[in-house]
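Enquirer: One predicted model, sequence on top.
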Amino acid sequence: MALFAPLAIGRQALLAAERAIGVTGHNISNVNTPGYSRQTPLLHASRPDDRGFGTGVELRSVARSVDGFLDARQLTSQSSLGGATTGRQLLDRLQALFPVGDLGIGNALAEFFASANALADSPQDLAVRNELLEAGNALAGQIRSSAGGIATLQREADQRLGQSAFEANGILQNLASLNREIIAAERGGRETNDLRDQRQVALGALASHLSIQVVEVDAGVNVFAASGQGLLIGTDAATLTTELDPTRVGLDGNPLSKIGITARDGSVISLSGDIGGSVGTLLGLRDTTLPADSAALDLLAANLRDAVNLVQTDAAGRDLDGNVGTAFFSGTGAADFQVSLTSPRGIAAAQGAILSDNTNALALAGVAQQTFPALGGAKLSEYFGTLHARIGQEARSADDNATIQENVSEALAAQRESVSGVSLDEEFTNLIRYQRAFQAASQIINVSNVLLDDLIGLVR
Amino acid sequence: MVSRITERTLVNDFTTAVSRLRRQQADAQNALSSQKRLREASDDPVGAARSTRLRGEAKELQAYRDSVTIGRSTLGAQDGVLNESHDILIRAREIAAGLSGGLATPEARQTAAEEVTELERGLLALANTTVGGRYVFGGLATVGPPFTGFDTPGFSPVTSYTGTTTPFSVRTARDEAVRITTSGGDVFNSSLQALDDLRQTLEAGNEPTASLTALENAAEDIRQERASVGGRLARLQTRDQEIGNAVLTAKTLLGDVEDADLTETITQLAQVRNALEATLTAGTSLMQTSILDYLRL
């Protein structure tokens, strides 16, 4: 009977080496799989026999090399990175609406007042009057297109919210089914390493949309938004919804959507608190940054309009036909800001009956030096300069922040790689180890076989 | 610090380093080709605002310079006109002096009256001088001449001036406006009056002794106005230089804010290229090292 024991041990060893080679092969094949955590065959000496003699080796389970804390930090980092990248993209586009150099509102403003000064030199010259009108049109066009660009960006942010919600729902569904599979597999005593890797990747993708808290309960994960609202409880995924909110009007005059979780009764409960991720950034841009910049532009346009019109419609002012001037600019803000004067003759350059007078044109040019209490005591050009610098600073901060988050995310990825990454050097070394073990186990069987042969020969 | 280095760590580090260097290279290349360090507001937010302000200032200065140019041409024309007008008065005074003695016959005086008539016409023509279609002694208006012609029925030197009496100023700085017109009546009324009196006296064959003082006073009026014009012209010339200097300063400052430092950029480009080449060499050689080359399974 004792001679069969080595044969059994050899068979066990062969099996264990074979499986270990399988695990190593699995690691090597997944060397480039995103989110894959390297697996290690856990070999144990099998239970000794009744006399305490060893019975060989056994591969009971395969371990997954992960660091739970690192995974949690990576989720946080993914939220920050998602938010920062979205912010960088949109704010870069915002600053492109306010170019530097010989373009943009600041230059158009200077151009307009320089033309007003030229009008003061030649108040009756139609060509000069036309130039002022054109400079006004160019300025109004610049202001309108910047305001329009901001409104378009806001609309885009709103649409991106819808897309984020759509993607997040897909991920939540995926997570729910992964939870189901993992719970079932672990109850059945099967390995869930690869499913867990997949679930971690899905959590990362969700985190880039919005900040999440993850709690693992009985092999499943529960996911909560930063506000504590449940997104996924076990296998039950919530649905994020965006629906148009008629009470929230965008810069383009159409309603914006509100994002929330659909409750069981079908009502939408808004996401609250520090939402984070790209959704948080999009909401911040849509509801705070872009409206503030747009409001600043509106204020500039309104003050420019009022100050120029005040001079233009002065009761003592006279246009080239001897009439009191009519409004130069019209519009309620920046988006509809335009020159309402159609004829260059309509510019009121003179004061009093003498049409070669330039007093009113000088007053018009003087608007450039006027300070406005509504603009914080700044001149028009200074106010725009402040706005321009603010937008540049916002874009720069967003860019810096995105770079920082990229670095953080890279550092974390390197740390994760250090714990969970597949090293081909290691795997090949292991491969040799297991190959040798396999070869040695074959020898055990071989020797046992020869011994058995010898024994049977005795009988013959 | 990471302790366990896998192949992917090497690859990630390598690609990150290369893409960062490539971005720096593209940045430097961009700065070099545009010669600008300020290409969008986020490159230097405060600089962007400064650049807009400086460009605005340069435009404003250019507008003042245009005003100064118009002022100089207008005042220059006035100066010329006043000089010639003065010559006319001197000539009239010569005629008056020559015909004041008892020796001059009434016929000679009547003949001389013809010349004085021409002088008076000439003075009126000078007073109606235009620069670019605008009457320099009529408030720079473009509608009809400010002085009615000598041949207009009912011509009188006193009522000849019909132009504006409002002075016309151009702004040459934020807080400086220079008057570039004078009411033509104030300048030429005394001269026209004196010439007209002389003409009438001579036509009547009378002795023009009384006109001598009137002509001298009229010439004094012209000289005074000429001094005033000269003073303002000198101010505009100075202002022109001041503006020129200010524009230069604004452009220099603008260059400081906007322009790339070429030496620095080129040095930077060379540094980045060196780093990139080193990274590529080291990275590719490291990544090519594999345990597979040494194994015989």
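Expert: Right, received. Where do you want to start?
Enquirer: Can you give me the distance of the closest residue to A:Ser177 other than its chain neighbours to chain B?
Expert: Leaving aside its sequence neighbours, A:Ser177 sits nearest to A:Thr235 (CB to CB, 6 or more residues apart in numbering or on different chains; 7.5 Å). Heads up, the C-betas are built off the backbone N, CA and C, glycines and all. In this structure, A:Thr235 and chain B are 33 Å apart, going by CB to the nearest CB, to the nearest Å.
Enquirer: And the helices in the stretch 51-200 of chain A?
Expert: A:68-96, A:104-121, A:126-187, A:193-209 (DSSP state H, counting those that start in this stretch).
Enquirer: Make CSV out of those and add mean pLDDT, distance to A:Arg38 and mean neighbour count.
Expert: Formatted as CSV, the helices of the stretch 51-200 of chain A follow (pLDDT from 0 to 100; distance: least, CB to CB, whole Å; neighbours: other CB atoms under 10 Å in any protein chain shown):
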stretch, mean pLDDT, distance to A:Arg38, mean neighbour count
helix A:68-96, 95, 14, 20
helix A:104-121, 93, 54, 25
helix A:126-187, 95, 19, 19
helix A:193-209, 96, 10, 21
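Enquirer: Quick check: which of those helices is nearest to A:Ser267?
Expert: helix A:126-187 (16.0 Å; CB to CB).
Enquirer: count of neighbours near whichever residue of the stretch 101-250 of chain B sits closest to chain A?
Expert: As assessed by CB to the nearest CB, chain A sits closest to B:Ala141 within the stretch 101-250 of chain B, at 3.5 Å. Using other CB atoms under 10 Å in any protein chain shown, B:Ala141 is surrounded by 22 other residues.
Enquirer: Repeat that for B:Asp221.
Expert: Neighbours around B:Asp221, by other CB under 10 Å: 20.
Enquirer: what's near enough to touch it?
Expert: B:Val187, B:Ser190, B:Ser191 (CB atoms under 8 Å, 6 or more residues apart in numbering or on different chains).
Enquirer: Can you add pLDDT and secondary structure and give those back as JSON lines?
Expert: Below are the contacts of B:Asp221 laid out as JSON lines (pLDDT from 0 to 100; DSSP: H, G, I helix; E, B strand; the rest coil):
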{"residue": "B:Val187", "pLDDT": "88", "secondary structure": "helix"}
{"residue": "B:Ser190", "pLDDT": "90", "secondary structure": "helix"}
{"residue": "B:Ser191", "pLDDT": "92", "secondary structure": "helix"}
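Enquirer: out of these, who has the most neighbours?
Expert: B:Ser191 (27 neighbours).
Enquirer: burial measure for the nearest residue to it once chain neighbours are set aside, as a count.
Expert: Nearest non-adjacent residue to B:Ser191, counting by CB to CB, 6+ apart: B:Ala218, 4.1 Å away. A count of nearby residues for B:Ala218, using other CB under 10 Å, gives 27.
Enquirer: Tell me the secondary structure of the nearest residue to A:Arg345 once chain neighbours are set aside, please.
Expert: Leaving aside its chain neighbours, A:Arg345 sits nearest to A:Leu320 (4.1 Å; criterion: CB to CB, 6+ apart). Here A:Leu320 is recorded as coil under DSSP: H, G, I helix; E, B strand; the rest coil.
Enquirer: so what's A:Leu320 scoring on pLDDT?
Expert: pLDDT, A:Leu320: 90.
Enquirer: That one contacts A:Asp357, correct?
Expert: No - look at A:Leu320 against A:Asp357 with CB atoms under 8 Å: they stay out of range, at 11.4 Å.
Enquirer: Please enumerate the shared neighbours of the two.
Expert: Contacts common to A:Leu320 and A:Asp357, judged by CB under 8 Å, 6+ apart, are A:Ala349.
Enquirer: Looking at the two, which is more packed in?
Expert: Taking other CB under 10 Å, A:Leu320 and A:Asp357 do not tie; A:Asp357 has more neighbours (24 against 19).
Enquirer: which secondary structure element contains that one?
Expert: Assessed by DSSP states H and E, A:Asp357 sits outside every helix and strand.
Enquirer: quick revisit: among the helices of the stretch 51-200 of chain A, which comes closest to B:Glu264?
Expert: helix A:68-96 (24.3 Å).
Enquirer: Measure how the closest one sits relative to helix A:126-187, angle-wise.
Expert: 160 degrees (axes from the mean of the first three to the mean of the last three CA atoms, to 10 degrees).
Enquirer: Distance from the chain centre to helix A:68-96, please.
Expert: Relative to its chain's centre, helix A:68-96 lies at 5 Å (CA atoms, centre = their mean, to the nearest Å).
Enquirer: now for it, which elements pack on it?
Expert: helix A:126-187, helix A:193-209, strand A:212-217, helix A:277-284, helix A:380-420 (3 or more CB pairs under 8 Å, 6 or more residues apart in numbering or on different chains; DSSP states H and E).
Enquirer: again, 6 Å this time
Expert: helix A:193-209, helix A:277-284, helix A:380-420 (3 or more CB pairs under 6 Å, 6 or more residues apart in numbering or on different chains; DSSP states H and E).
Enquirer: which of the ones you listed sits most buried?
Expert: Highest mean neighbour count among those (mean count of other CB atoms under 10 Å in any protein chain shown): helix A:277-284, with a mean of 24.
Enquirer: Could you identify the helix or strand that succeeds that one?
Expert: Next element after helix A:277-284 (DSSP H and E): helix A:290-312.
Enquirer: Okay, now the unreliable bits of the chain?
Expert: In the absence of a named chain, this looks at chain A. A:1 (pLDDT under 70).
Enquirer: my bad, chain B
Expert: In chain B (pLDDT under 70), the answer is B:1, B:297.
Enquirer: can you point me to the longest helix in it?
Expert: helix B:45-98 (DSSP state H).
Enquirer: how about that helix, does it reach chain A?
Expert: Yes - interface with chain A: helix B:45-98 contributes B:45-46, B:48-49, B:51-53, B:55-56, B:59, B:63, B:66-67, B:70 (CB under 6 Å from any CB of the partner chain).
Enquirer: Buried ones only from those, please, as a PyMOL command.
Expert: Remark: buried members of the residues of helix B:45-98 next to chain A, expressed as a PyMOL selection using 16 or more other CB atoms under 10 Å in any protein chain shown:
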select buried, chain B and resi 45+48+49+51+52+53+55+56+59+63+66+67+70
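Enquirer: Can you give me the distance of the closest residue to A:Leu90 other than its chain neighbours to A:Val249?
Expert: If the residues on either side of it in the chain are set aside, A:Leu90 comes closest to A:Leu285, at 5.6 Å by CB to CB, 6+ apart. Relative to A:Val249, A:Leu285 is positioned 17 Å away (CB to CB, to the nearest Å).
Enquirer: Specify which residue of the two has the higher count of neighbours.
Expert: Shown here are A:Leu285 and A:Val249; by other CB under 10 Å, A:Leu285 has more neighbours (25 against 11).
Enquirer: Next, the angle helix B:45-98 makes with the helix or strand hosting B:Gly255.
Expert: Using DSSP H and E, B:Gly255 falls within helix B:209-258. Here the directions of helix B:209-258 and helix B:45-98 differ by 170 degrees (the same axes, to 10 degrees).
Enquirer: Give me every residue in chain A lying close to chain B.
Expert: Residues of chain A lying near chain B (CB under 6 Å from any CB): A:95, A:98, A:100, A:106-107, A:110, A:114, A:117-118, A:121, A:124, A:354, A:356-357, A:362, A:369, A:381, A:385, A:388-389, A:391-393, A:395-396, A:410, A:414-415, A:417-418, A:421, A:423-425, A:428.
Enquirer: is stretch B:252-270 up against chain A anywhere?
Expert: No - residues of stretch B:252-270 are not located near chain A by CB under 6 Å from any CB, the shortest gap being 7.4 Å.
Enquirer: how about that stretch as CSV, C-alpha atoms only?
Expert: C-alpha atoms of stretch B:252-270 as CSV (Å, rounded to 0.1, in the frame of the first residue of the first chain):
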residue,chain,number,x,y,z
THR,B,252,8.7,98.6,-25.4
LEU,B,253,6.5,97.7,-22.4
LEU,B,254,4.2,95.7,-24.7
GLY,B,255,7.2,93.8,-26.0
ASP,B,256,8.2,93.0,-22.4
VAL,B,257,4.8,91.6,-21.8
GLU,B,258,4.1,89.8,-25.1
ASP,B,259,7.3,88.9,-26.8
ALA,B,260,9.3,85.8,-26.2
ASP,B,261,12.9,86.1,-25.1
LEU,B,262,14.5,84.4,-28.1
THR,B,263,17.8,83.6,-26.4
GLU,B,264,16.0,82.0,-23.5
THR,B,265,13.5,80.2,-25.7
ILE,B,266,16.3,78.8,-28.0
THR,B,267,18.3,77.7,-25.0
GLN,B,268,15.2,76.1,-23.5
LEU,B,269,14.5,74.3,-26.8
ALA,B,270,18.1,72.9,-26.9
